[in-house]
Structure formats: structure tokens, C-alpha cells
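>>> This is the structure alone, sequence omitted:
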DNA sequence: ATCAGTTACTTCGAATTCGAAGCAACTTGG
DNA sequence: CCAAGTTGCTTCGAATTCGAAGTAACTGAT
């Protein structure tokens, strides 16, 4: 691959910074709304949303962690909190004894429904307000390949727990 | 304002999710590179980068916190770490006795220079690899107005420390 | 069936993060 | 000048976050 320029041009750099800034601000605003309206952190909301999206309303721990880009141990902690609130249930997986299946409860679904409108409103007001429908389509068309590329690219140290000493 | 639809259409929703996912993955990869190559966290890198960009190589604490979207107390902590490493210096501001001016040291500038190429490489390889130069320009054109809009929109509770009780 | 290697999850300790509260320095109106 | 209000930063405590290490379950080869 001969075209990996060693340095970013100014447009790229500015775009990168704007991207980071935009999502930081968005996250911040959303986080506040979620805490006020439902006592949820952003990760917790993401988890509930993912479970709500799933046809079965459930996912394995690992898939959840990968989905929201979170550490395994952090996920254990967060799911523990959600379970204590009665929003999800943990159960061993039928086919794989090691796996834990996390499932959304009715209470979880309710809370999700209660929180979603406000969430959507914040996102709409901050992120989409300055964008036309065409803009949004364009943006979607740009982000999707990036997302796929990132998901496909193995993390720089794709080591299997042993052999950590890079070289 | 008659056009704030109460709900996001599927394209918007997908775009929003992709945006979050893309930046989460990017951040993760970048964080790892920074830690390995220079022992810096992402915030720390952002701070050094911002100081490096400034004509004077310095900024007030508050401006730094706002710039990187970080809490004041968190910034105090991080700048403390950077100072302990000799990467920045804190000095009271001449005109305003309350303000602290944070300035990049030579060591800080060196470390920044040492870390930047790898950083840029990761960002290029993950974020920009699937995008043509035209795509990047388009993306920049979309993000800029969003950024400006977000910066202009006051946080939902623009209260002045007192009168927190919302109603 | 047994052993080595891998995968799924949890526990643990250390580091980071935030908001609330506190303190000092500015500003404004009298 | 003085009091009330605001702004800039730090300290404090509680909650979250991660990676390393540990345990249990699966896989494949012999």
C-alpha cells in the first residue's frame, strides 16, 4: 500500500479535531440529559439501547463490550449496576456454559422508552439541527465505510494474551 | 422553530450511532498508541497539542478545560501530572491574579514532536484511509457548522452556580 | 481421555473522573 | 471604600475505569 502519507494535511487535521470536538460536546450534553431524566450514564444507556434493538432483547457480555467499545471488567461492573436496578437480568448461556446472556427486563424497556425522547431531542438539536436531510445522507455515506474499515482493522496489538512483548 | 421533529428518522439514528462508534474506536486506538509511545493519556496529548498550537505556547486553565471539554477539577489533576513530568509550567497570570497560565516547556515540545508522527499515522490509517481527499473536504464541510452550532448552543442548564434546582 | 491453548467472565488494585464545596481575586453598585 | 455577586482554580470524597491476574469452560490434537 503505497499511499499512507506520513503526515496529515491541514484539512485532515482540522477535520479530525472537529470530529473529536463534536463528539465530545455531544456526549457531554447527552450524558447530562440522561442523568437528569433517568439516572443513567452514557454507557448504561448504550447498553440498554443495544439490548432493546436485539430481536431477543439479549446479548452476550462480550458482544456488548465489543459493541459499545468498553473493557470487559468495566462491562461486568456496569451490568452489575443495571442488574441491581432491575433493568437487566443475567443468565448463563444454554449452549456455552461460560457465556452470560444479558437480557432486558420490562423495567429496563420502560426506562429506555422514558429516556429516549429526550435523548433524541438533544441529539437532534445539537447534531442534526445544522444539517439538511441531504447533508445527513452524505455524512452517513462517509461514516459507514470508516466504521467498517475500523471494525475490520485489527487493533495494533492483536496478541492473544500471551506474547505481549511486542517485537 | 417549526422543524424540530420529535424523533430521529432511521438515517439520522444510524448516522448518530456510527459517529459514536467511529470516534470510540478511534479514541481507543489512539489512546493505546499514545500510551505506548509516550506514556500520555489522550487528554494529556490534547493539552500538549493545544499548547503547542498556541502562538505563545500557553493558555489559561479555564480555556484549556473548555477547549478539550473537560471538568475544571479534572484539568487541575492532569496539569498537575504534566507539571510533575516537567512537560508544562504553571505560573500566575500577570493581569489577572486568579488565573494560572500553563506553558509548554521544551521537554513538552520534544515529547509532543516525538509522539505526533505515530499519532498521525494511526489517525490516517483508521479514519482517513477509506476516504478520498474529496470525501475529507466534504466531511470537513459538514462537521464545521455542527461544531460551531454546538459551541454556540448554551449547555442546557446555563446556570451560574446558584439556582441549581431546575424547575 | 488428557493436555495445551483459547475464550468468557469476574475480582482486584491503582489511576482517573466528576461535582460540590471552599478560597482568593476581580467587578459593580451604593 | 464596602458589600454582594461572579469568576478562576484547587481540594475533597465518591464513583467509575482499566489492565492484570484468576477461574471455569470449550477446542483440538494426540
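Arrived safely, thanks for sending. Quick caveat: nothing in here was measured; it's all calculated off a predicted structure.

>>> which residues of chain A score low on pLDDT?
A:1-6, A:155-167 (pLDDT under 70).

>>> hmm, try it at 90
A:1-11, A:36, A:38, A:94-95, A:152-167 (pLDDT under 90).

>>> what sits against the residue nearest the centre of chain A?
Most central in chain A under C-alpha atoms, centre = their mean is residue A:68, positioned 3.3 Å from the mean C-alpha point. By C-beta atoms under 8 Å, 6 or more residues apart in numbering or on different chains, the contact list for residue A:68 reads A:43, A:46-47, A:50, A:75, B:24. Just so you know, the C-beta spots here come from the backbone N, C-alpha and C atoms, and that holds for glycine as well.

>>> try 6 Å this time
Residues near residue A:68 by C-beta atoms under 6 Å, 6 or more residues apart in numbering or on different chains: residue A:46.

>>> other SSEs contacting the longest helix anywhere in chain A?
What stands out as the longest helix in chain A, according to DSSP state H, is helix A:10-38. Judged by 3 or more C-beta pairs under 6 Å, 6 or more residues apart in numbering or on different chains; DSSP states H and E, helix A:10-38 is in contact with helix A:106-123, helix B:133-152.

>>> elements contacting the shortest one?
Okay, so that is helix A:106-123. helix A:10-38, helix A:42-53.

>>> so which of the ones you listed comes closest to residue B:120?
helix A:10-38 (8.2 Å; C-beta to C-beta).

>>> Between helix B:106-123 and the closest one, find me the angle.
Interaxial angle of helix A:10-38 relative to helix B:106-123 (axes from the mean of the first three to the mean of the last three C-alpha atoms, to 10 degrees): 90 degrees.

>>> Helix A:10-38: which residues count as buried?
A:12, A:14-26, A:28-31, A:33-34, A:37-38 (16 or more other C-beta atoms under 10 Å in any protein chain shown).

>>> Stretch A:90-101 now?
Applying 16+ other C-beta under 10 Å to stretch A:90-101 flags A:100-101 as buried.

>>> Flag every residue of chain A that's near chain B.
Contact residues, chain A versus chain B (C-beta under 6 Å from any C-beta of the partner chain): A:7-8, A:11-12, A:15-16, A:18-19, A:21-25, A:28, A:69, A:120, A:123-124, A:126, A:128, A:130, A:135-136, A:139-140, A:142-143, A:145-147, A:149-150.

>>> coming back round to it: closest one to DNA strand D among the helices and strands packed on helix A:10-38?
Of all the helices and strands packed on helix A:10-38, helix A:106-123 sits nearest to DNA strand D, with 15.2 Å by C-beta to the nearest atom of the strand.

>>> ok, and what's touching the closest one?
With C-beta under 6 Å, 6+ apart as the criterion, helix A:106-123 contacts A:29-30, A:33, A:37-38, A:48, A:52, A:86-88, B:7-8, B:16.

>>> Distance to DNA strand C added to those residues, as JSON lines?
Conversion of those to JSON lines gives the following (distance: C-beta to the nearest atom of the strand, whole Å):
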{"residue": "A:29", "distance to DNA strand C": "11"}
{"residue": "A:30", "distance to DNA strand C": "12"}
{"residue": "A:33", "distance to DNA strand C": "12"}
{"residue": "A:37", "distance to DNA strand C": "15"}
{"residue": "A:38", "distance to DNA strand C": "16"}
{"residue": "A:48", "distance to DNA strand C": "17"}
{"residue": "A:52", "distance to DNA strand C": "19"}
{"residue": "A:86", "distance to DNA strand C": "16"}
{"residue": "A:87", "distance to DNA strand C": "15"}
{"residue": "A:88", "distance to DNA strand C": "11"}
{"residue": "B:7", "distance to DNA strand C": "27"}
{"residue": "B:8", "distance to DNA strand C": "25"}
{"residue": "B:16", "distance to DNA strand C": "21"}
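
>>> could I get the residues you listed as JSON lines with distance to residue B:105?
Below are these laid out as JSON lines (distance: C-beta to C-beta, whole Å):
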{"residue": "A:29", "distance to residue B:105": "35"}
{"residue": "A:30", "distance to residue B:105": "36"}
{"residue": "A:33", "distance to residue B:105": "40"}
{"residue": "A:37", "distance to residue B:105": "44"}
{"residue": "A:38", "distance to residue B:105": "45"}
{"residue": "A:48", "distance to residue B:105": "46"}
{"residue": "A:52", "distance to residue B:105": "50"}
{"residue": "A:86", "distance to residue B:105": "52"}
{"residue": "A:87", "distance to residue B:105": "48"}
{"residue": "A:88", "distance to residue B:105": "48"}
{"residue": "B:7", "distance to residue B:105": "51"}
{"residue": "B:8", "distance to residue B:105": "46"}
{"residue": "B:16", "distance to residue B:105": "40"}
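
>>> Alright, that wraps it up for me.
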